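> With the input below, show me the fold.
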Amino acid sequence: MTLTRRFLLLCLAFPLLLAVGGPQLDYPPATVRAPDWNTLFQGLVRVEAEKQPKDTGAGLVIFGSADSIRVLTAAHVVAGATSLKVYFRSDRAVAYTAHLLPGNSDPGELDLAVLEVLKSDQKGRALPGNIPQLAARDRGTLQVTEHVWTVDGGWRIVPNNVTALDHDFDTRKFEYTRGATNDGFSGGAVFDDDGRLVGIHDEGAAGGQYAVAVKIDSAMEVLAALGHNTPNLAGSGGRGNTGILLGGSATAQPAPRAPIAGETRVNPKDGLTYVWIPEGAFTMGCSPGDTECSPDEKPAHAERIANGFWLGQTEITQAAWKKVNGGANPSYFKGDQLPVDQVDWNQASAYCKAIGGRLPTEKEWEYAARAGTAGSRYGSLDAVAWYSGNSSETTHPVGLKQANAFGLYDMLGNVWEWAADYWAAYPGGRADACIGCKVMRGGSWTVAGLARASARGRNVPSFFSRLTGLRCVGELP
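I've put the predicted structure just below:
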């Protein structure tokens, strides 16, 4: 963007912050709406990082229960901290001890980190309750000159305007006017006039001439790839404040029973059954004694799934695909209970979003496929998978083969399943270059040697064939 264009758009900015109070904001034109700040503030926090020099920022709650609250903030605020504290709007004078969870994005990239506040660390004090669920808006609907609001770690509000839908050609970010470039805004929420999240403040740029934010659904995708669920972010659509997460305050209702491993629920949006996969640790990559591993499956390495998740019990069927997509069916092989095929990554991702979910990360996929086993398969090849030796060169109805210990069917064979991740080598390993490619897992009805828990495939997001399908992670109540 040219300096002239930025200057013209910066003229849309509003005056500087007022003194701290509640809620404090600059005065936009009378025609601009304002969200319900008293409710939204309950889901926003102040973050203090003890280091030299001390740093402060903002954050928002992405998960909450009576025992644990997880907060999204800026990685550069908490990097190198010896201790972390989180303050909630419900009692701004009380500091809650927090810990940095594994799985953060590079501060030079999307600059995201997740903190956890545990009840067990608070010396008998209950965690805050009545935390609102926040509506997250689709990045594709953001527009240049649109009015937005930024909130800092003191719950101060600044009105701004969007000036560019990318930052240095990175479309996961956007630029907006300079009102939010002061200390304390990093990690702060950016809302539209309807109280929907559109971004997370990252930094000031060009010497403070304008500000940069990460688009909220880009942030959610990266968090998912890093192993963090975001049930408190409600996805795109309607006004904010769409629900209440139950924390530990006396005014909260009893927390719902946590699901157990293997528990199932039906997603009404596509009619398919989803299985609860519990958190846990496993060894990812080439299985012990597996002589069929390719270099990109090595080295085997320890991984942990920090949060449990709901995963489709089967691959997405053609009946489910048609239900969600108005009867359309891209498949080469036809049959309502056959897995949908000829689906590219973009279509797969869009389907999962449409049913209130997302594609699994590669790490989640392998953890779920192994279901506690260490071998290359969770049973004998013929018992668990459709492959070249038994498929007759076609897909087969889902759920006919032996399930794994989590109760998942066809994790190996039948069709390749798209994952959320970009193709990359494992740490300390090597992989063929495939710029912009996405990962596929599980093998298909063809090559037997690819129907293994650690086998990896990849292709460009626009690729599809009669071998490619999907299964979704579903954010179910």
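> How about the backbone phi and psi for F309?
phi -160, psi 160 (degrees, to the nearest 10).
> Wait, P35 touches L197, no?
No - between P35 and L197 there is no contact under CB atoms under 8 Å: 10.3 Å. Using the backbone N, CA and C atoms, a C-beta is placed for each residue, glycine as well.
> who touches the closest residue to P339 other than its chain neighbours in this structure?
Ranked by CB to CB, 6 or more residues apart in numbering and with sequence neighbours excluded, the top spatial neighbour of P339 is E315, at 3.9 Å. E315 is in contact with P339, V340, V398, D410, N414, V415, E417, G469, L470, R471, counting by CB atoms under 8 Å, 6 or more residues apart in numbering.
> Would you mind measuring from K54 to G429?
Distance of K54 to G429, computed by CB to CB, to the nearest Å: 39 Å.
> quick revisit: looking at P35 and L197, which has the bigger crowd around it?
It is L197, of P35 and L197, that has more neighbours when counted by other CB atoms under 10 Å, with 25 against 21.
> in the stretch 101-250 of the chain, which spans are helices?
Assigned by DSSP state H, counting those that start in this stretch, the helices in the stretch 101-250 of the chain fall at 216-225.
> Please say which of K54 and G429 ends up with more neighbours.
Per other CB under 10 Å, whichever of K54 and G429 has more neighbours is G429, with 16 against 9.
> Just give the number of residues close to the nearest residue to A300 once chain neighbours are set aside.
Closest residue to A300 apart from its sequence neighbours, by CB to CB, 6+ apart: G285 at 3.8 Å. G285: 20 surrounding residues under other CB under 10 Å.
> so G285 makes contact with D296?
No - assessed by CB under 8 Å, G285 is found out of contact with D296, at 9.2 Å.
> Need the overlap of contacts for the two.
In contact with both G285 and D296: Y426, G429, using CB under 8 Å, 6+ apart.
> pLDDT weak spots in the stretch 51-200 of the chain?
105-108, 178-182 (pLDDT under 70).
> where exactly do the strands run in it?
Ranges of strands in the stretch 51-200 of the chain, per DSSP state E, counting those that start in this stretch, are 55-64, 68-74, 83-88, 96-100, 112-118, 131-133, 147-151, 156-164, 173-177, 189-191, 197-205.
> same for the first one, what does it pack against?
Applying 3 or more CB pairs under 8 Å, 6 or more residues apart in numbering; DSSP states H and E, one finds that strand 55-64 makes contact with strand 44-50, strand 68-74, helix 75-78, strand 197-205, strand 243-245.
> Could you say which of those is packed most deeply?
Most buried of the helices and strands packed on strand 55-64 by mean neighbour count (mean count of other CB atoms under 10 Å) is strand 68-74; its value is a mean of 26.
> ok, residues contacting that strand?
45, 47, 57-64, 86, 98, 101, 107, 111-119, 127-128, 131, 186-187, 200-202, 219, 223, 228, 230, 247.
> tell me the contacts of K51?
So K51 contacts G80, A81, T82 (CB under 8 Å, 6+ apart).
> I'd like the domain boundaries of this protein, if you could list them.
Domain assignment for the chain, taken from automatic domain parsing, gives 1-248, 264-474.
> how far out from the middle of the chain is the first one?
Mean C-alpha position of domain 1-248 versus that of the full chain (CA atoms, centre = their mean, to the nearest Å) differs by 15 Å.
> Going forward, the N-terminal residue is numbered 16.
Sure, I'll start counting at 16 from here, so that last one is domain 16-263.
> thinking again about what came up before, and the contacts of strand 83-89, which are buried?
Neighbour counting with 16 or more other CB atoms under 10 Å marks 60, 62, 72-79, 101, 113, 116, 122, 126-132, 134, 142-143, 146, 201-202, 215-217, 234, 238, 243, 245, 262 as buried within the contacts of strand 83-89.
> one step back: using JSON lines, please lay out the contacts of K66 together with neighbour count and distance to A470.
JSON lines is the format used below for the contacts of K66 (neighbours: other CB atoms under 10 Å; distance: CB to CB, whole Å):
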{"residue": "G95", "neighbour count": "10", "distance to A470": "39"}
{"residue": "A96", "neighbour count": "18", "distance to A470": "40"}
{"residue": "T97", "neighbour count": "8", "distance to A470": "42"}
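> Which single one of those is nearest to N419?
A96 (40.1 Å; CB to CB).
> Nearest residue to the closest one in space, ignoring adjacent ones along the chain?
A64 is the one closest to A96 (CB to CB, 6+ apart), at 3.8 Å.
> Show me the contact partners of stretch 404-419.
Against stretch 404-419 from outside (CB under 8 Å, 6+ apart): 328-330, 332, 348, 350, 352-354, 356, 384-386, 388, 393-394, 396-401, 424-426, 428-430, 460-461, 463, 481.
> Which of these are buried? Put it as a ChimeraX command.
Buried residues within the contacts of stretch 404-419, by 16+ other CB under 10 Å, are selected in ChimeraX with:
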select :328,329,330,332,348,353,354,356,384,385,386,393,394,396,399,400,401,424,425,426,428,429,430,460,461,463,481
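> now, which of the contacts of stretch 404-419 lie within strands?
Using DSSP state E, no member of the contacts of stretch 404-419 sits in strands.
> Filter the contacts of stretch 404-419 down to the ones in helices?
A384, R385, L396, D397, A398, V399 (DSSP state H).
> export those to TSV and tack on distance to I172?
Shown next, in TSV, are the ones in helices among the contacts of stretch 404-419 (distance: CB to CB, whole Å):
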residue	distance to I172
A384	46
R385	47
L396	59
D397	62
A398	59
V399	55
